[in-house]
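Visitor: show me the folded form of this:
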Amino acid sequence: MSNTSPGNARRQVVAVTGASGNIGTALLRRLVPDPRVGEVRAIARRPPDEARPEVRWIAADITADDLAEAFDGVDAVVHLAWRIQPSWDVAAMERVNVEGSRRVFEVAARAGAAIVHASSVGAYGPGPQDRLVDESWPLGGHPGHPYSLQKARVEGLLDVVEDAFPGTRVVRMRPGLVFQRAAGQEVRRYFLPRHTPGFLLQPALVQQLPVRFQAVHADDVAAAFAEAALGDRHGAFNVATTDPIGRPTVGALEHLARPLAALSWRAHLQPVDPGWVRLVFRCPLIDPARAQAELHWRPAHSGAEALAEGLRAMAEPPAPASDALAAH
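Guide: Residues are numbered from 1 along each chain as shown. As a prediction, this is how the structure comes out:
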């Protein structure tokens, strides 16, 4: 694959960890046809058996394998690898999410690559749900919720990298909840009881829930990540739509929902630890103005459209996953 464009401008090499997941599959679709890209290296523990020839798949575990060769000559590393389940194995999550991220950042920085990290709205501490907050809202996560606490800790690791490698361009992407049709069954498996009736997964019903959150389509998230990887910006970017899902929050319901979630989670009746309840009720709504201004990002889907597509896919009978989504 040539690394020069017709105008002789050098095309970039981009490595993507966690390339077989929800955002990863969408990002590969975005990067491959981009004329600014010369090579895409897709890193996953189990690459698909059949993959498009334009992508160079590399089998690697970020917690144990040598990443130096995978990152050699790379212009940007987009770090998407993250473990959510099983949520009761916090030590396993820690190995991947914190220690694995530390290894990715250190090797990428030594290779001279820019780092684009998939953080999350969950990295923020509790915030308002009646207005949008920008990237200056305090980080910290939510007590008792490993996912958000680890997201916040990993942003601290990026601070260390920036201090140790001052020439490294570091970008922190903080998306809302990400949906796409191809990941519907994956999202269902991660977040819902096995026998959840499909009729409960109707957009009209979810829109009436007494909590507010932001949904964003995976293709739109991929567009923002691609611009972050191929451009020259650094710092933090919220990636979300501005049409929140749900109704005004009824905080008292949190005190009822958390014990129920805890009991059913401990009995392995559903996969979501009770910390997610705290996150849903207390997570701030985020303002994507900086991404719009500096990454020229304009989502093609509203939050309602992204949610509806994801819910339809979650409600359908399980179908064979795409090669990439099946591979992780």
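Visitor: hey, where'd the helices end up in the stretch 151-300 of the chain?
Guide: In the stretch 151-300 of the chain, the helices defined using DSSP state H, counting those that start in this stretch lie at 184-191, 203-206, 218-230, 252-266, 275-282, 289-294.
Visitor: winner for burial among those helices?
Guide: Mean neighbour count (mean count of other CB atoms under 10 Å) peaks for helix 218-230 among the helices of the stretch 151-300 of the chain, with a mean of 25. Just so you know, the C-beta spots here come from the backbone N, C-alpha and C atoms, and that holds for glycine as well.
Visitor: what does that helix contact?
Guide: 12, 14, 22-23, 25-27, 29-31, 34, 36-37, 76, 78, 114, 116, 118, 171, 173, 175, 178-180, 182-183, 233, 237, 239, 241, 291, 295-297, 299-301, 306 (CB atoms under 8 Å, 6 or more residues apart in numbering).
Visitor: got CSV for the helices of the stretch 151-300 of the chain, with mean pLDDT too?
Guide: As requested, the helices of the stretch 151-300 of the chain are exported to CSV (pLDDT from 0 to 100):
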stretch, mean pLDDT
helix 184-191, 91
helix 203-206, 93
helix 218-230, 98
helix 252-266, 93
helix 275-282, 94
helix 289-294, 98
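Visitor: closest one to residue 58 among these?
Guide: Relative to residue 58, the nearest member of the helices of the stretch 151-300 of the chain by CB to CB is helix 218-230, separated by 17.0 Å.
Visitor: now do that closest one: distance to the chain's middle.
Guide: On the basis of CA atoms, centre = their mean, to the nearest Å, helix 218-230 sits 11 Å off its chain's mean C-alpha point.
Visitor: now, of the contacts of helix 218-230, which are buried?
Guide: Among these, those classed as buried by 16 or more other CB atoms under 10 Å are 12, 14, 22-23, 25-27, 29-31, 34, 36-37, 76, 78, 114, 116, 118, 171, 173, 175, 178-180, 182-183, 237, 239, 241, 291, 295, 297, 299, 301, 306.
Visitor: hmm, residue 249 and residue 212 touching each other?
Guide: Yes - using CB atoms under 8 Å as the test, residue 212 is close enough to residue 249 to be in contact (5.9 Å).
Visitor: anything in contact with each of these two?
Guide: The contact sets of residue 212 and residue 249 overlap at residue 129 (CB under 8 Å, 6+ apart).
Visitor: for residue 235, list each beta-bridge partner.
Guide: On the basis of DSSP bridges, residue 235 is bridged to residue 171.
Visitor: report the next helix or strand after the longest strand belonging to the chain in sequence order.
Guide: Counting by DSSP state E, the longest strand found in the chain is strand 37-44. The helix or strand immediately downstream of strand 37-44 is strand 55-59, counting by DSSP states H and E.
Visitor: show me what that following strand is packed up against.
Guide: Judged by 3 or more CB pairs under 8 Å, 6 or more residues apart in numbering; DSSP states H and E, the packing partners of strand 55-59 are strand 37-44.
Visitor: any low-confidence regions in the protein?
Guide: Scanning the chain with the threshold set as pLDDT under 70 gives 1-9, 50-52, 317-328.
Visitor: how about the strands in it?
Guide: With DSSP E as the criterion, the chain has strands at 12-17, 37-44, 55-59, 76-79, 114-118, 132-133, 170-175, 177-179, 212-213, 215-217, 235-239, 245-246, 285-286.
Visitor: just confirm residue 114 contacts residue 171, I think it does.
Guide: Yes - judged on CB under 8 Å, residue 114 makes contact with residue 171 at a distance of 7.1 Å.
Visitor: centroid residue for the protein?
Guide: residue 118 (5.1 Å; CA atoms, centre = their mean).
Visitor: measure that residue to residue 155 for me?
Guide: Per CB to CB, to the nearest Å, residue 118 is found 11 Å from residue 155.
Visitor: same check, this time on residue 265
Guide: To residue 155, residue 265 is 26 Å away according to CB to CB.
Visitor: ok, back up a step: let me have the strands of the chain in TSV, extended by distance to residue 316.
Guide: Supplementary listing: the strands of the chain in TSV, determined by distance: least, CB to CB, whole Å:
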stretch	distance to residue 316
strand 12-17	27
strand 37-44	25
strand 55-59	27
strand 76-79	29
strand 114-118	26
strand 132-133	33
strand 170-175	24
strand 177-179	14
strand 212-213	22
strand 215-217	18
strand 235-239	27
strand 245-246	20
strand 285-286	29
